[in-house]
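Engineer: Give me a 3D structure for the following:
(chains A and B, ligands or ions: 1)
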Amino acid sequence: MSTGLERSQPPVEVSEDELEALLGDRALARDDHLNAPGFVVRPDDVQSVLSDLKERAGFDHLSNLTAQQYEDRYESIYHLKKYADPTQEVSIVVPTPIDDPVSESAAPVFSTADWHEREAFDLVGIDYEGHPDPRRILLPETWQGHPLSLDYDQEKPQLVTLTDHANPIQPDHHDAESDTMFLNIGPHHPATHGVLHLETVLDGETVVDVDPDVGYLHRCEEQMCQNGTYRHQIMPYPDRWDYVSAGLLNEWAYARVAEDLADIEVPDYAQVIRTMGAELCRIASHMLALATFALDVYGDFTAIFQYGMRDREVVQDILEDLTGQRLMFNYFRLGGVAWDLPEPREEFIAKTRDFLDELPAKVDEYNDLLTGNEIFQVRCHDTGVLEPEAAKDYGCTGPVARGSGIDYDLRRDDPYGYYDELEWDVVTEPGCDNYSRVLVRMREVEESAKIIEQCLDLLEDWPEDEREIQANVPRTLKPDADTEVYRAVEGAKGELGIYIRADGTDKPARFKIRSPCFHNLSALPEMANGEYVPDLIASLGSLDIVLGEVDR
Amino acid sequence: MSSNNPRQQIHGSTAPSTDTRDSRIGEGPDDRFNSKLREAFGSTPFILTKFDKFMNWVRGNSMFMLQFGIACCSIEMMHTYAIKHDLDRFGAGVPRASPRQADVMIVPGTIVSKFGPRMKRVYDQMPEPKFVVGMGSCTISGGPFQEGYNVVKGAEEIIPIDIHVPGCPPRPEALIYGVAKLQERIRNGESTPVVVKPYELEQFGDLPKDELVQKLADDIDEDDLVMRYNWADSP
Ligand code: SF4
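Structural biologist: Numbers count the residues shown, from 1 in each chain, chains lettered A, B, ... in the order given. Predicted coordinates for the structure are as follows:
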C-alpha cells in the first residue's frame, strides 16, 4: 500500500515565519493567494530571492509563471513548489511599472523560466532583463502588440512571413573543419505529433542543436477562458488542451481550481465517478502515446499502432457511454458531474469490467510486441537521457519525471478526488531514458485499471438514495475581487495547473494555464543534443507531447 | 534438396502448374470471374467510355490522403484510418506522409496565423488534381476559437475546400461519409471553383504601403512571402 503519504525522505516543512526571515527586507509586502503565501519583491531581486528559496528552503520546482497587466502595473508571479512535497507552495510577486515593464530574468536559477518568460513577453509584454533568448514564442515574429495586455486591438491586421531558415551555425557551403547542416523537421511531419517545428542543426547524423519552434496551434485558450463565465462557458475548453482523450483529466484541472475559488464541496459519489472517468482517460491517452511511440521508433503504421488504436476504441466506447461524446466529453460540472452513470447501470459496469478483465492479456501483448522486443530495447535504452536534476530544472512532471526516477504524482502528493481512499501505487523507473518513460506509461495503465476497479466496486454498492452527482452551486459565480488561486492536478502528461484571478465579475480576469507538455518539451534539447536524428525522433515521441497543450 | 554444391541446372517441374490450373478452371472462362457484368459483356469484354469519365472513376476510387494532423480532429481522423472504421475499405485509405504523393488533404483542426502559410505551402506542393476535405468546425469557421486573436476563421480563407464535415470533432463515421461524398463528386467530374481570396500569399514588397507594412519594412525583405490577416474584414 502506498497511497498513504509515506515517501523516501520526509520533506522539511518551512513555516511562513521562516520564509519571511529568509527573504528579509527583500519582501516588500505580503500578497496571500488562496493556495500559498505570497511575497512581493522588487524586479531586480528576482534572482537572489528565487535562488535563496531554491537552495536554502528547498523550493526546487518552479511550477508556473503568471504574467498579467493591471491598470497601474504589470505583474509576474512565480509559483514555487517542492518536488518532495507539492503542498508546500510559495508565490513570488514581482510588480513592474506600466511605462517600464522590465524585470530580472529567472532563467539562470531555473532553466524552465526561459520558456515561461518568453511566453510572458509574447502574450503580456513584460521584458525580462538578462533573458538568454528574448524572442516571441507562440506568435509569429512579425506580430504587433501583446494580445493579453489591456490595450491590445484585436481588429488590427497582422502579417505573417514564411521566413526561410538560414543555418544558424555555419553558412551552407562546405568548409574543412565543420560541415553542419540545418534541417527543418516539421511543422508538417509525421513524427512531430502535430504541428511542431524543430529547427535542427546536424553534424553528419548527430544532432548538434535542436530548437523547438512552437506556436503553430496557439488557439488563444487563455483569452477564450477569460471571455467565458465560470459556471458553464469555460468547461468545454479544457477538453481541447490535451485532446488525446485526456478530456476528463483536464476538466478536473478547471473544476478543481474553480471549486477552490468558489468554495464548492463536491459530493463523494461524484468524486468517485470523476476518479473513474479520469483514469479511463489516462488509459486512453497512454495507449495512444504508446501507439505513436511505436510508430516513431519502427515507422510501423500497420501493427503496433493499430493495437493501440484498437484498445483506445474500447475505452472511448466506455467513455462515450458515460459522457455522451467520443472525444470532447464536457462531462464535469462545477460541484459534480453532468449526469449519473448510464442506465442500465449494471450493463455499463459489466462492460467496463470486461474491459478491465481483458486488459492484463493486452498488456502482455504489448510487452511481447514492444517492451520485450530486442530491437525496440536497443533503440530506446540509453537514448534521450534526462537526468533527474535536469528534469527538475526544466520543470518536467508526469511520466517524463517519473521515468527519471522522480517520485512526484499529484494524485498522491496533493490529493484530490477519491484518490487517497483507494489502493494504488505511484510508478517510477530509474532509467532516465526513452525506455523508462515507455515503461512508466505501461505500468501506469495497470495502476489506473486498479483504481477503476475499486471505483466500480464502490459505485455498484453505493446506497441508492445517496447517489448525489451535483452539489448545490449558484447559477452565477462571482468570486470576490482580487482572489487569486493556483491549483494543479495530475493530467496524463503531468502537472496541469491553472491560475485564476477573480475581479468580482462572473468571468476570470486572468486565466493562466500551466501545461505539462510545454515544460516537458522544453527539455528536448537537453535530451537530444549529441544524439542521432532517429534518437531525437524517439526522444520527442517519448515525451508524449500534445501540441494543443504546448501552445494552448 | 540439401547439398553443399551449387545447383547447375534447373529442371522444369514434373507436374506443370498449367495442368492444375486447367483442371481447376475447366472449359471456358473461370467461374470466379463470372460476374453479372462479365455476363453482360458476353463474348466481347470491351467497354467504350469517354477517357475523362474513366479517369474520374479511377481518381474517385483510389485516393491518396495526406497524413496531416493539426489539432483535436486529427485524433478522430486517425481513428478513421485505423481499426474499426478503416477508411481504406472505401478506396481512400493509406495516408501518405508527403504532399507530393497525395491528392486529398483532410484539414483536421484549428488553423492559426502562424500555421496558415505553412498549410498553404503544403497544399501547393500537392500535384493536381487535388481535393480538400475540411474536417470540423474549426476548419469551417474557427469553431470554438473563432473569437481568438490568432485564429484563422476557416481554412477556406487560405485554400479551397471541396467538402465540409461539421462537428467538433466529427465522428469517424461522419468523416467517412464526407470522403464518400467527395468520391462521388469526383466520379461525377464535379469540382469546386477556386474561391480563395482574402489571404493569398504575397511578396512583402507587393503589399499596399499602409501603417503596418511601413512599420515592418525595415525588418522584412521585399521578396519574403507573407500573408496578411485582416481580422476586421473576415466573416
Ligand atoms: S473542430 Fe473541435 S475537435 Fe476539431 S480541431 Fe476544432 S476544437 Fe478541435
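
Engineer: By residue count, what's the longest helix in the chain?
Structural biologist: In the absence of a named chain, this looks at chain A. helix A:268-298 (DSSP state H).

Engineer: Chain B was what I was after
Structural biologist: helix B:172-187.

Engineer: Give me the contacts around that helix.
Structural biologist: B:56-57, B:59-61, B:63, B:76-77, B:79-80, B:84-85, B:87, B:90-92, B:104, B:106, B:131, B:133, B:135, B:162-167, B:170, B:191 (C-beta atoms under 8 Å, 6 or more residues apart in numbering or on different chains). C-beta coordinates here come from the backbone N, C-alpha and C atoms, glycine included.

Engineer: Which of the residues you listed are buried, as a PyMOL select command?
Structural biologist: Restricted to buried positions by 16 or more other C-beta atoms under 10 Å in any protein chain shown, the PyMOL selection for these reads:
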select buried, chain B and resi 56+57+59+60+63+76+77+79+80+85+87+92+104+106+131+133+135+162+163+164+165+167+170
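
Engineer: just checking: which of the contacts of helix B:172-187 also lie near the ligand?
Structural biologist: Near the ligand, judged by C-beta under 6 Å from any ligand atom, there are no entries from the contacts of helix B:172-187.

Engineer: Cross the contacts of helix B:172-187 against helices and list the overlap.
Structural biologist: Per DSSP H, helices hold the following members of the contacts of helix B:172-187: B:56-57, B:59-61, B:76-77, B:79-80.

Engineer: Report the entries of those that also contact chain A.
Structural biologist: B:76, B:79 (C-beta under 8 Å from any C-beta of the partner chain).

Engineer: A:Asp32 should be in a helix, yeah?
Structural biologist: No. When DSSP: H, G, I helix; E, B strand; the rest coil is applied, A:Asp32 is found to be coil, with no helix at that position.

Engineer: Spit out the contact partners of it.
Structural biologist: A:Gly38.

Engineer: so which strand or helix has A:Pro132?
Structural biologist: Using DSSP states H and E, A:Pro132 sits within no helix or strand.

Engineer: measure it to A:Val210 for me?
Structural biologist: Using C-beta to C-beta, to the nearest Å, we find A:Pro132 at a distance of 16 Å from A:Val210.

Engineer: Which of these two has more residues huddled nearby?
Structural biologist: A:Val210 (23 against 13; other C-beta atoms under 10 Å in any protein chain shown).

Engineer: Next up, the contacts around the residue nearest to that one when sequence neighbours are not counted.
Structural biologist: Among residues not flanking A:Val210 along the chain, A:Thr200 sits closest, at 4.8 Å (C-beta to C-beta, 6 or more residues apart in numbering or on different chains). Shown in contact with A:Thr200 (C-beta under 8 Å, 6+ apart): A:182-185, A:207, A:209-211, A:533, A:536.

Engineer: which of the residues in the one helix or strand A:Thr200 maps to are buried?
Structural biologist: Counting by DSSP H and E, the element that carries A:Thr200 is strand A:197-203. Buried residues in strand A:197-203, counted by 16+ other C-beta under 10 Å: A:197-202.

Engineer: measure the residue positioned nearest the centre of chain B to B:Val94 for me?
Structural biologist: The C-alpha lying nearest the average C-alpha coordinate of chain B belongs to B:Val104 (C-alpha atoms, centre = their mean; 1.4 Å). To B:Val94, B:Val104 is 12 Å away according to C-beta to C-beta.

Engineer: which neighbours do these two share?
Structural biologist: With C-beta under 8 Å, 6+ apart, B:Val104 and B:Val94 have common neighbours B:64-65.

Engineer: leaving aside the residues next to it on the chain, what's closest to B:Gly143?
Structural biologist: Per C-beta to C-beta, 6+ apart, closest to B:Gly143 is B:Ser137, 3.4 Å.

Engineer: Might you report the residue contacts of the residue of chain A found nearest the ligand?
Structural biologist: In chain A, no residue comes nearer to the ligand than A:Arg240, which is 5.0 Å away by C-beta to the nearest ligand atom. Under the criterion of C-beta under 8 Å, 6+ apart, the neighbours of A:Arg240 are A:219, A:221, A:328, A:548, B:71-72, B:144.

Engineer: now chain B, which segments are flagged as low pLDDT?
Structural biologist: B:1-35, B:43, B:45, B:191-200, B:234-235 (pLDDT under 70).

Engineer: of all the residues in it, which ones are close to the ligand?
Structural biologist: Counting by C-beta under 6 Å from any ligand atom, chain B sits next to the ligand at B:71-73, B:109-110, B:136-138, B:143-144, B:168-169.

Engineer: Secondary structure and neighbour count added to the residues you listed, as TSV?
Structural biologist: Conversion of the residues of chain B next to the ligand to TSV gives the following (DSSP: H, G, I helix; E, B strand; the rest coil; neighbours: other C-beta atoms under 10 Å in any protein chain shown):
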residue	secondary structure	neighbour count
B:Ala71	coil	31
B:Cys72	coil	30
B:Cys73	helix	29
B:Gly109	coil	31
B:Thr110	coil	33
B:Gly136	coil	30
B:Ser137	helix	22
B:Cys138	helix	31
B:Gly143	helix	25
B:Pro144	helix	20
B:Cys168	coil	18
B:Pro169	coil	29
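
Engineer: which one of those residues is nearest chain A?
Structural biologist: B:Cys72 (3.5 Å; C-beta to the nearest C-beta).
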